[in-house]
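# Structure, please.
(one chain, ligands or ions: 1)
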Amino acid sequence: MATKTLTYEHLLLDTPASGVSRITLNRPDCLNAFNDAMSYELQKALKQVEKDPHTRAIILTGAGRGFCAGQDLQSRSIAANEGGVPHLGESILKRYAPIILSLRTIEKPVIAMVNGVAAGAGASIAFACDFRIVSEKASFIQAFVKVGLIPDSGAGWLLPRLIGYGRALELAMTGDKVDAQKAHEYGLANRILPEDTLESETLAFAAQLADGPTKALGLMKRAFNQAETMDLATYLGYEAQLQEIAGRTEDYREGVSAFTEKRPPKFTGQ
Ligand code: T3D
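Okay, the predicted model is just below:
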């Protein structure tokens, strides 16, 4: 399949031959802050890559020097100047929640390639991805407190699970910046890379995942997410159901054949 670039107004979607699709938030002048349109476009792009049979791994990143600065506050200040009351609950439910749920439920690996600052809902989106590969220049900021809000777009659920309650609440309450090094120490970043190799190394990692047994990777994601709300005994039953499904895939047959034939497996994602 040839590389196909579909241009949305505020993001780019590249679906190259390797099985890796890349979504780039594309409002670099405001560090890729979310206006309404960009949030709906991201929802649409995520549905597109979820359905695309050629996409077996997804990279989410930002154009320019930032990953994403969260909600576009410029549009909020215009609303305030006009005396309007912003309905933030509705905004979160309609715009951000579907993105977070999509990132967690797409049964393909999703990598946040964090090229720069990830603030507010931009950080939440990175936290919702399966992996965070960060540039040495990346940072994470729970910016919500600075504008009098609580962490949203899932941050209050995701961050404590990633780094623990105490650290997460401290970051939420102070809004202090977590640089790339600290993000790695905290287990928030899977890898830190120099800026000049961020793209190539993230692509190599994504390609490795895209060559994997995609259905099994998707089931792993489903299992890990469901495990959050199950006791061990319930989980063991659930895991057995998922393994039943994995055992019926072509990739399982290929994996076992490759082992017995002493050759590397060639998974097709089926
Ligand atoms: O409203 C709802 O729907 C509820 C949902 C809320 C979710 C949220 O995300 S709330 C939190 C919103 N985000 C923030 O509070 C972050 C605001 N930005 C910053 O604190 C800083 O920009 C950063 C720490 C992210 C980066 O700082 P720095 O010094 O590297 O860059 P800068 O100079 O501040 O920003 C560069 C440009 O981007 C600048 O524009 P200019 O002056 O060059 O024309 C700046 O205004 C713009 N920008 C950055 N963040 C936003 C933004 N413009 C609009 N909205 C932003 N969030």
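# ok, the closest residue in space to Gly70 that isn't next to it in sequence - contacts?
Nearest-residue entry for Gly70: Gly120, 2.4 Å, with adjacent residues in sequence omitted and distances by Cβ to Cβ, 6 or more residues apart in numbering. Where C-beta positions appear, they are placed from N, C-alpha and C, glycine not excepted. Residues near Gly120 by Cβ atoms under 8 Å, 6 or more residues apart in numbering: Ala69, Gly70, Gln71, Ile141, Gln142, Ala143, Phe144, Asp152, Ser153.
# Which single one of these is nearest to Met38?
The closest of these to Met38 turns out to be Gln71 (Cβ to Cβ; 10.4 Å).
# Please look at the closest one and Phe34 and confirm they touch.
Yes - counting by Cβ atoms under 8 Å, Phe34 is a contact partner of Gln71 at 5.6 Å.
# Report the contact partners of the closest residue to Thr249 other than its chain neighbours.
The shortest distance from Thr249 to any non-neighbouring residue, by Cβ to Cβ, 6+ apart, is to Lys215 (4.8 Å). Lys215 sits next to Glu107, Ile245, Ala246, Thr249, Asp251, Gly269, Gln270 when contact means Cβ under 8 Å, 6+ apart.
# can you tell me how far Lys215 sits from Thr174?
42 Å (Cβ to Cβ, to the nearest Å).
# per the record, what domains does this structure have?
4-210, 214-260 (automatic domain parsing).
# Keeping just the C-alphas, turn stretch 94-112 into PDB.
The C-alpha coordinates for stretch 94-112 follow below in PDB (Å, rounded to 0.1, in the frame of the first residue of the first chain):
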ATOM      1  CA  LYS A  94     -18.500  15.800  23.900                       C
ATOM      2  CA  ARG A  95     -14.900  16.700  22.900                       C
ATOM      3  CA  TYR A  96     -12.300  15.100  25.100                       C
ATOM      4  CA  ALA A  97     -13.900  12.000  26.700                       C
ATOM      5  CA  PRO A  98     -14.500  10.200  23.300                       C
ATOM      6  CA  ILE A  99     -10.800  10.800  22.400                       C
ATOM      7  CA  ILE A 100      -9.600   9.300  25.700                       C
ATOM      8  CA  LEU A 101     -11.900   6.300  25.400                       C
ATOM      9  CA  SER A 102     -10.900   5.800  21.800                       C
ATOM     10  CA  LEU A 103      -7.200   5.800  22.700                       C
ATOM     11  CA  ARG A 104      -7.800   3.200  25.400                       C
ATOM     12  CA  THR A 105     -10.100   0.900  23.400                       C
ATOM     13  CA  ILE A 106      -8.600   0.900  19.900                       C
ATOM     14  CA  GLU A 107      -7.300  -2.600  19.700                       C
ATOM     15  CA  LYS A 108      -4.000  -1.600  18.200                       C
ATOM     16  CA  PRO A 109      -1.000  -0.100  20.000                       C
ATOM     17  CA  VAL A 110      -1.000   3.700  20.300                       C
ATOM     18  CA  ILE A 111       2.300   5.600  20.900                       C
ATOM     19  CA  ALA A 112       2.400   9.200  22.000                       C
END
